[in-house]
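S.K.: 3D, please:
(one chain, ligands or ions: 2)
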Amino acid sequence: MGHGELRGVVALDGPSGTGKSSAARGLAALLGARYLDTGAMYRAAALAVLRAGVDPHDPVAVTGTARRALLVQSTDPANSTTRLDGVDVGAEIRGPEVTLAVSPVSATAGVRELLVAEQRRIIAEAVEQAGGIVVEGRDIGTVVAPDAPLKVYLTADAEARARRRTKQDNDSGRATTVERTLADVTRRDDYDSTRQVSPLRPAADAVELDTTPLDLAGTLDALLAMVEERGLRHERVTG
Ligand SMILES: Nc1ncnc2c1ncn2[C@@H]1O[C@H](COP(=O)(O)OP(=O)(O)O)[C@@H](O)[C@H]1O
Ligand SMILES: Nc1ccn([C@@H]2O[C@H](COP(=O)(O)OP(=O)(O)O)[C@@H](O)[C@H]2O)c(=O)n1
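M.R.: Ligands and ions are numbered 1, 2, ... in the order given. Presented below is the predicted three-dimensional model:
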């Protein structure tokens with residue numbers, strides 16, 4: 001038995017390493033929906049800034065660079081790609097240089113204005129074409145899609161998040177340690193939560209889900225139950 005199809009938008013927000021990307025991608029695949037990784041878009045903008053040799057803390061130069069960059073984020077959960085100026089940058093945007101530059105770049109109001117507009121366009125197109133989309137990031141429930149019928153705010157202990165991210169990095173050939181990752185995760189949490197524009201925080205009507213004791217399957221089960229509860233799952237029409 002399948003899980004039926006998603007209708008509408010599911011917003012998944014939360015700090016780094018809580019399982020947003022894995023859970024959003026998995027949920028979209030199970031429900032025949034599209035998937036949008038907004039973090040990848042901010043990372044690609046940060047890569048454009050680094051390539052242009054611009055200071056990530058210079059809002060005018062950063063906004064100008066983001067405006068000139070050609071950013072294309074795909075919404076296929078089985079193959080979510082990020083293209084910058086026509087080239088796939090999926091691996092490069094996960095590297096340590098981009099991870100360091102992405103906080104100030106994503107705190108730039110001009111960049112957020114640009115990317116939020118593009119994210120809303122992608123979401124509207126996906127809903128029209130596929131019926132539903134799972135969108136993950138930091139401000140989806142609060143800013144990008146405040147009308148989403150289901151908003152979930154994922155949390156997990158910082159230690160658990162650092163352990164997960166370290167394993168993920170090491171498995172992808174980026175050698176690191178839990179200590180170093182914990183420092184990075186904590187630094188970005190602070191930066192993302194205290195910035196002026198769209199700080200990381202749960203929407204008033206978001207459901208909080210602590211993934212510390214869960215594995216990916218457990219997180220997906222909890223999310224599927226919420227989708228079901230809200231009546232967002234529709235049987236596939238066949239024939
Ligand atoms: N309960 C869980 N839910 C989702 N992912 C988990 C869970 N436990 C461990 N993971 C793993 O944690 C890692 C980081 O998850 P990711 O989806 O990249 O997080 P985020 O997008 O929030 O930074 C992945 O390798 C994922 O498989
Ligand atoms: N909707 C979003 C998504 C990401 N971001 C920023 O982009 C950075 C990278 O996002 P990400 O989702 O790839 O980060 P991880 O949680 O995967 O490490 C975050 O630390 C935020 O600074 C944001 O500001 N708003």
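
S.K.: quick one, what contacts the nearest residue to L84 once chain neighbours are set aside?
M.R.: Excluding its sequence neighbours, the residue lying closest to L84 (C-beta to C-beta, 6 or more residues apart in numbering) is A44, at 4.9 Å. Every residue, glycine included, has its C-beta placed from N, CA and C. Applying C-beta atoms under 8 Å, 6 or more residues apart in numbering, one finds that A44 lies in contact with A69, L71, Q73, T82, R83, L84, V89, I93.

S.K.: With neighbour count, secondary structure and distance to ligand 2 as added columns, please give the residues you listed in TSV.
M.R.: Shown next, in TSV, are the contacts of A44 (neighbours: other C-beta atoms under 10 Å; DSSP: H, G, I helix; E, B strand; the rest coil; distance: C-beta to the nearest ligand atom, whole Å):
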residue	neighbour count	secondary structure	distance to ligand 2
A69	17	coil	15
L71	20	strand	13
Q73	18	strand	11
T82	23	strand	10
R83	15	strand	16
L84	21	strand	14
V89	21	coil	13
I93	22	helix	8
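
S.K.: and which of these is nearest ligand 1?
M.R.: I93 (12.8 Å; C-beta to the nearest ligand atom).

S.K.: for the protein, what spans make up the strands?
M.R.: Under the criterion DSSP state E, strands of the chain are mapped to 5-6, 8-13, 34-37, 71-73, 82-84, 87-88, 132-137, 150-155, 207-210, 233-234.

S.K.: Burial-wise, tell me which of the ones you listed comes out on top.
M.R.: strand 132-137 (a mean of 28; mean count of other C-beta atoms under 10 Å).

S.K.: now it, how far from the centre of its chain.
M.R.: 8 Å (C-alpha atoms, centre = their mean, to the nearest Å).

S.K.: got the CA positions of it in CSV?
M.R.: Provided in CSV are the C-alpha atoms of strand 132-137 (Å, rounded to 0.1, in the frame of the first residue of the first chain):
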residue,chain,number,x,y,z
GLY,A,132,2.2,19.2,-2.9
ILE,A,133,5.7,20.1,-1.7
VAL,A,134,7.8,19.7,1.4
VAL,A,135,9.9,22.8,2.0
GLU,A,136,12.7,22.8,4.6
GLY,A,137,14.8,25.7,6.0
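
S.K.: so it versus strand 150-155, what angle?
M.R.: Angle of strand 132-137 versus strand 150-155, following axes from the mean of the first three to the mean of the last three C-alpha atoms, to 10 degrees, is 30 degrees.

S.K.: Strand 132-137 close to ligand 2?
M.R.: Yes - for strand 132-137 and ligand 2, the contact criterion (C-beta under 6 Å from any ligand atom) is met by G137.

S.K.: In its sheet, which strands sit next to that strand, and in what direction?
M.R.: Within its sheet, and counting by DSSP bridges, strand 132-137 is paired with strand 8-13 (parallel), strand 34-37 (parallel).

S.K.: What lies in contact with the shortest one?
M.R.: When contacts are defined by C-beta under 8 Å, 6+ apart, strand 34-37 is touched by residues 21, 24-25, 28-29, 73, 75-77, 80, 82, 119, 122-123, 126, 129-130, 132-137.

S.K.: and P202, what does it touch?
M.R.: D13, G141, T142, K151, Y153, E208.
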